[in-house]
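Visitor: predicted model and sequence follow; I will ask about them next.
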Amino acid sequence: MYILGVTGNMGSGKSTVSQRFSELGAVVSHADDLAKELLQNDSNILNQLAQRFGSDILDGSGQLQRQLLAERAFATREDQQFLNHLLHPEVRRATLLRINDARQKSTPLFVIDAPLLFEAGVDSITDSVLVVTADKMLRQGRVEHRSQITEADFERRDRLQLSIEEKISRADHVIYNNGSLVELLTQVDNFYQALKL
């Protein structure tokens, strides 16, 4: 089984690429979805977050108010690192369980879709890493359209991630998503064919 890490900065089109791999038969594990699951269900993690960021990040029924957490956790690099150090080991553990399950089912391609792939050290469990990127203005427009976040929020979150230049320098493969959806999917299909799985 081939394990491919897919990463990119906000608005790069990374999720579209992972979706295409899924359509081509890959098992795709989304680190963000695993993190959201932990944030909904792990009381130990929720308690630690409430201690750090304030008990008001939990509503009256104990559910996380994700927008409020995001505002506070992405305020500084230190706050983001606290959140990451809390979540990354658990996300990695869940990913490894999914990899073992896919291996037992003889899955040819397992894709780890993770925005913070390098930051979390998940690249160490992949056979190769694909970075998906686009020009900053395109990425920003996509994020603002999809998430309704402000330009200032985009800039702040973008700065807290590893730079795209650093990601590209550490990647084995790069897809540039500056064109149409058809062009992007064609690049993914060509990449998949080149893997010869």
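Guide: Looks like it arrived, so ask away.
Visitor: now the end-to-end length of stretch 123-136.
Guide: Stretch 123-136 has an end-to-end distance of 24 Å (C-alpha to C-alpha, to the nearest Å).
Visitor: roughly how far out does that stretch sit from the chain middle?
Guide: 10 Å (C-alpha atoms, centre = their mean, to the nearest Å).
Visitor: tell me which residues in it are buried?
Guide: 123, 126, 129-134 (16 or more other C-beta atoms under 10 Å). To be clear about C-beta, it is placed using only N, CA and C from the backbone, and glycine gets the same treatment.
Visitor: got it, and stretch 11-26?
Guide: Here stretch 11-26 shows 11-15, 17-21, 24, 26 as buried, counting by 16+ other C-beta under 10 Å.
Visitor: quick one: contacts of it?
Guide: The contact list for stretch 11-26 (C-beta atoms under 8 Å, 6 or more residues apart in numbering) reads 4, 6-8, 28, 30, 107-111, 113, 115, 130, 132-134, 138-143, 146, 154, 164, 175, 177, 181, 184-185, 188-189, 192.
Visitor: spatially, which two of the buried residues of stretch 123-136 are the most separated?
Guide: Pairwise distances across the buried residues of stretch 123-136 peak at 21.9 Å for T126 and A134 (criterion: C-beta to C-beta).
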